[in-house]
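Participant: Build me a model:
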Amino acid sequence: MNQDIHLSEMIATRLSHDLIGNIGAVANAVELLNEGDEEDKEDISNILNFSSRVLSRRLKFFRLCFGLSNAAVKTTEELAGITGDYLLTLGNPNLPITTEIRISTPKIYKLVMPAVMMMADVLVKGGKITVEQTENDLRISAVSDAPLNREKLQNIHKTICGGEPDENPSSYAPLFYLLAYLDGTGVTVRLQDATLLIGE
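Facilitator: Now for the predicted structure:
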């Protein structure tokens with residue numbers, strides 16, 4: 001029970017961290033809008049549109065990733081769309097994170113989504129997340145023209161091996177969730193350079 005509570009706390013902390021900035025931007029924009037300064041209305045509208053779009057895309061992704069399976073992904077195209085939209089909310093719009101998903105069934109979305117979320121964290125200045133399903137495993141790779149965050153990769157490896165990351169563990173909530181989801185199934189998670197390998 002304590003482990004379940006700890007995992008819930010980490011997920012809640014991570015999701016709050018990923019949403020709070022845009023929620024604050026919306027709150028500030030609404031406050032400015034209520035002050036009635038006409039010349040600022042276009043800028044305020046842009047802030048509201050941008051932040052609400054980010055929140056909508058992230059919440060949709062988080063609900064499927066961490067929520068009950070009654071909101072399942074029905075097609076691989078739907079999974080690719082929701083995941084791609086989420087990744088575009090991260091980092092600098094001029095250095096986007098794109099995705100390519102090559103899997104045979106959307107039923108493994110509970111593996112794909114937290115793995116994508118975790119590997120996106122190692123991309124510092126944009127890049128691409130590739131998801132590929134082979135006969136033996138599921139591979140989630142991070143590739144970028146810029147150097148990857150090696151500290152994140154080391155902490156991912158340490159977490160997979162049963163250790164604790166050297167920074168706030170809530171940053172690794174997607175990985176802890178993935179490991180807990182697979183616990184007792186015989187399916188393992190490994191890190192090979194900048195690729196998560198999920199398989200037996």
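
Participant: Grab the most central residue of this protein for me.
Facilitator: residue 117 (2.5 Å; CA atoms, centre = their mean).

Participant: Is it in contact with residue 172, as I believe?
Facilitator: No - using CB atoms under 8 Å as the test, residue 117 is too far from residue 172 to be in contact (10.2 Å). For every residue, glycine as well, the C-beta is placed using N, CA and C.

Participant: Strands of the protein, start to end?
Facilitator: Taking DSSP state E as the criterion, the chain contains strands spanning 97-102, 127-133, 137-143, 188-192, 195-199.

Participant: Switch these over to a markdown table; also include mean neighbour count.
Facilitator: A markdown table is the format used below for those (neighbours: other CB atoms under 10 Å):
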| stretch | mean neighbour count |
| --- | --- |
| strand 97-102 | 17 |
| strand 127-133 | 20 |
| strand 137-143 | 19 |
| strand 188-192 | 15 |
| strand 195-199 | 19 |
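
Participant: Out of those strands, the one nearest residue 74 is which?
Facilitator: With CB to CB as the criterion, residue 74 lies closest to strand 97-102 of the strands of the chain, at 14.4 Å.

Participant: roughly how far is that closest one from the heart of the chain?
Facilitator: The gap between the average C-alpha position of strand 97-102 and the chain average comes to 13 Å, counting by CA atoms, centre = their mean, to the nearest Å.

Participant: sorry, back to before: if we compare the strands of the chain, which one ends up closest to residue 2?
Facilitator: When the strands of the chain are compared (using CB to CB), the closest one is strand 188-192, at 22.4 Å.

Participant: what about residue 170, neighbour count?
Facilitator: Residue neighbour count, defined by other CB atoms under 10 Å, stands at 17 for residue 170.

Participant: re earlier: redo the strands of the chain as TSV? Include distance to residue 157.
Facilitator: Written out in TSV, the entries for those read as follows (distance: least, CB to CB, whole Å):
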stretch	distance to residue 157
strand 97-102	21
strand 127-133	18
strand 137-143	14
strand 188-192	5
strand 195-199	10
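
Participant: now those strands as CSV including mean pLDDT and distance to residue 163?
Facilitator: What follows is these, written out as CSV (pLDDT from 0 to 100; distance: least, CB to CB, whole Å):
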stretch, mean pLDDT, distance to residue 163
strand 97-102, 97, 27
strand 127-133, 97, 24
strand 137-143, 97, 21
strand 188-192, 97, 13
strand 195-199, 98, 17
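
Participant: for the ones you listed, which one sits closest to residue 108?
Facilitator: Judged by CB to CB, the one of the strands of the chain that comes nearest to residue 108 is strand 137-143, at 6.5 Å.

Participant: Touching that closest one from outside, list them.
Facilitator: With contact meaning CB atoms under 8 Å, 6 or more residues apart in numbering, strand 137-143 is reached by 103, 108, 111-112, 115-116, 119-120, 122-123, 127-133, 148, 194-200.

Participant: Same question for stretch 113-122.
Facilitator: Taking CB under 8 Å, 6+ apart as the criterion, the residues outside stretch 113-122 that touch it are 61, 64-66, 79, 83, 86-87, 90, 97, 99, 129, 131, 138, 140-142, 148-149, 152-153, 156, 171-172, 174-175, 177-178, 181, 194, 196, 198.
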